[in-house]
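Trainee: all I have is the shape, not the residue letters:
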């Protein structure tokens, strides 16, 4: 056992800080709702509703060519591959569609609510309804871009930063308290 008061204080506070860091990290990892899933997409949901309405209006005003131009621009700018379906579950651009797109579009027409579909091995699909001024109903199905996972060492870098700051604090506290004894 160290005899120096400074060393005792430093080691005890270091042990406490280390325990808190490890405990916080473990609790955070174990209680994460979706361990390595996609982040919350609330802003994307709002944008998709606007994209759906714009695509439906564009189709009614400019036809298939206008719709294709709009969806191509949308894909270039946002990396979303989008497809517009009419109430007969027909894709209106004539492009090749993902396998699950007609099914998710059908569910949106049935429920009139936004839908999400994620099949193993394929990109997730988000679908949003759109009603035009003429009363026509459409569904925009968007194929989500692949999620780029952060490098595995980012968590370790954060942990290292916390340990260094905690160590500096323990050193300062130990040296400060050791002066009084």
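Mentor: Yep, it's here. All values reported here derive from a predicted model rather than from experimental measurement.

Trainee: ends of stretch 72-92, what's the gap?
Mentor: 13 Å (Cα to Cα, to the nearest Å).

Trainee: mean confidence score for that stretch?
Mentor: For stretch 72-92, mean pLDDT is 94.

Trainee: other residues contacting it?
Mentor: 47-48, 51-52, 55-56, 59, 64, 67, 71, 93, 95, 97-98, 101-102, 105-106, 109, 136-145 (Cβ atoms under 8 Å, 6 or more residues apart in numbering). Every residue, glycine included, has its C-beta placed from N, CA and C.

Trainee: the same query, at a cut-off of 7 Å, please.
Mentor: Residues from elsewhere that reach stretch 72-92, judged by Cβ atoms under 7 Å, 6 or more residues apart in numbering: 51, 55-56, 59, 64, 67, 71, 93, 95, 97, 101-102, 105-106, 109, 137-145.

Trainee: list the buried residues in that stretch.
Mentor: 74, 80-86, 91-92 (16 or more other Cβ atoms under 10 Å).

Trainee: next one: stretch 157-173
Mentor: 162, 166, 170, 173.
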